[in-house]
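Engineer: build the 3D model from these lines:
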Amino acid sequence: MDDTNQTPYVETVDASFLETLVGYNARRAALVVIDQFMQRMAPFDLRTVDFSVLSLITHNPGITSRQLCANLNILAPNLVAMINSLEKKKLIARKPHPLDGRAMGLHLTAKGQKLMVEAEKAVNQLELDATNRLTAAERKTLLVLLKKIYK
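Structural biologist: Sure thing, here's the model as predicted:
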């Protein structure tokens, strides 16, 4: 019998080359974390980008849309709808910027502050759970190394 006509059978998948790639490993890790993030943020009705915007507003009261776009690498037209949605949900408010009469500063409302206290607690726990196989030092090193790639 000629073995060349048989259909190959893969019992164990060899992903050794892919596992040498930073992008592949970063994406695999991100998928795990993002999946958990979405599950844990569902009760807060927050997507990843919503949380990121609200977190920057939380820690930078008065931040402008332009600053949000620059820090999160979001296009201005995409941010406008998001800001409008967060404002409609009464999570943020726009106030005149003290130095730039053309700009509006973004601030959390009391409802937004309450939501973010709980959401950030949930995200902190998620981070601990997602990295539970790492020591505290390894977790810190991982963050430093990842930032070296994008900063």
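Engineer: average pLDDT across the helix or strand in which residue 93 is found?
Structural biologist: Following DSSP states H and E, the helix or strand that holds residue 93 is strand 92-96. The pLDDT scores in strand 92-96 average 94.
Engineer: which strands and helices sit next to that strand?
Structural biologist: Contacts defined by 3 or more C-beta pairs under 8 Å, 6 or more residues apart in numbering; DSSP states H and E place strand 92-96 against helix 76-88, strand 104-108. (C-beta placed from N, C-alpha, C; glycine too.)
Engineer: dump the residue contacts of the nearest residue to residue 76 once chain neighbours are set aside.
Structural biologist: Nearest non-adjacent residue to residue 76, counting by C-beta to C-beta, 6 or more residues apart in numbering: residue 69, 5.4 Å away. By C-beta atoms under 8 Å, 6 or more residues apart in numbering, the contact list for residue 69 reads 75-76, 79.
Engineer: quick one: residue 69 and residue 88, what's the gap?
Structural biologist: Separation of residue 69 from residue 88 (C-beta to C-beta, to the nearest Å): 20 Å.
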